[in-house]
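Chemist: sequence and computational prediction follow.
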Amino acid sequence: VPFGTCRWVEGQPQIDLKEVPTPDLRQEALKWFVLLRSFCYLVPNEDPARGTIFVVPGADAPSSSETIEFLSPDGTKVVVPPNQGGRTDLASVPSFMWWLVASYGNHTRAALLHDALVVDEDGIEPPIARTAADRILLSALREPGQQKGGAFRHWLMWAAASVFGTMRAPLWLRPAGLALHVFAT
């Protein structure tokens, strides 16, 4: 299983890919939550970022406005995205679509990973490009244990994250992007 736990010792992540994490969340507001314990994701070999471990920082991680990258003792690249307290909205699914895809469920770890990789705050550099974050979301959704939703829902979640996450594009480009993602789905 590519998801693993992450504990912090003296400000450094201690990664365990043998232990499957269970996201521990606390609700802060109507749609906002805080991830209490960090976890990580090992990118599969089929992805261009293969072998990279992305840490999903929670409230237990040191606060940081910068991405931290280093090599683990075994030579694995580890990327720790900026941490602003583990704040998340889970999967950003409008309530009228919950009959098809809920905002939480088997896909929660993948959604939290995507939230960590996509930084929407001004002045904070995201750890990877938005397109790479969307691609990793799809890979994470396809992992064993995430399969309950089926391929259609995974592609639908990827398309929605890709389209609606890039809505900062010029207004005249948005219909073309939406049409392209609907066609891909």
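Modeler: Perfect, thanks for sending it.

Chemist: could you list the low-pLDDT ranges of this protein?
Modeler: Along the chain, segments meeting pLDDT under 70 span 1, 93-95, 97-105, 144-160, 163-185.

Chemist: can you give me the helices in it?
Modeler: Counting by DSSP state H, the chain has helices at residues 108-117, 130-141, 150-165, 174-184.

Chemist: residue 141 and residue 62, how far apart?
Modeler: Computed as CB to CB, to the nearest Å, the residue 141 to residue 62 distance reads 29 Å. All C-beta spots, glycine's among them, are computed from the backbone N, C-alpha and C.

Chemist: give me the neighbour count for the closest residue to residue 111 other than its chain neighbours.
Modeler: Counting by CB to CB, 6 or more residues apart in numbering, residue 111 lies nearest to residue 91, which is 4.0 Å off, once chain neighbours are set aside. By the measure other CB atoms under 10 Å, the count of residues near residue 91 is 21.

Chemist: give me the phi and psi angles of residue 91.
Modeler: phi -80, psi 130 (degrees, to the nearest 10).

Chemist: wouldn't it be in contact with residue 106 here?
Modeler: No: using CB atoms under 8 Å, residue 91 is not in contact with residue 106, being 10.7 Å away.

Chemist: just the endpoints, please. Distance across stretch 56-68?
Modeler: 12 Å (CA to CA, to the nearest Å).

Chemist: for that stretch, which positions count as buried?
Modeler: Neighbour-count burial for stretch 56-68 flags 56-59, 61, 67-68 (criterion: 16 or more other CB atoms under 10 Å).

Chemist: repeat that for stretch 128-138.
Modeler: Across stretch 128-138, burial judged by 16+ other CB under 10 Å covers 128, 130, 132-138.

Chemist: restricting to C-alpha, output that stretch in PDB.
Modeler: Extracted as PDB, the C-alpha positions of stretch 128-138 are listed here (Å, rounded to 0.1, in the frame of the first residue of the first chain):
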ATOM      1  CA  ILE A 128       4.800  20.700  -7.700                       C
ATOM      2  CA  ALA A 129       2.900  21.900 -10.800                       C
ATOM      3  CA  ARG A 130      -0.900  21.800 -10.700                       C
ATOM      4  CA  THR A 131      -1.100  19.300 -13.500                       C
ATOM      5  CA  ALA A 132       1.300  17.000 -11.700                       C
ATOM      6  CA  ALA A 133      -0.800  17.300  -8.500                       C
ATOM      7  CA  ASP A 134      -3.900  16.400 -10.500                       C
ATOM      8  CA  ARG A 135      -2.200  13.400 -12.100                       C
ATOM      9  CA  ILE A 136      -1.000  12.200  -8.600                       C
ATOM     10  CA  LEU A 137      -4.600  12.600  -7.400                       C
ATOM     11  CA  LEU A 138      -5.800  10.100 -10.000                       C
END
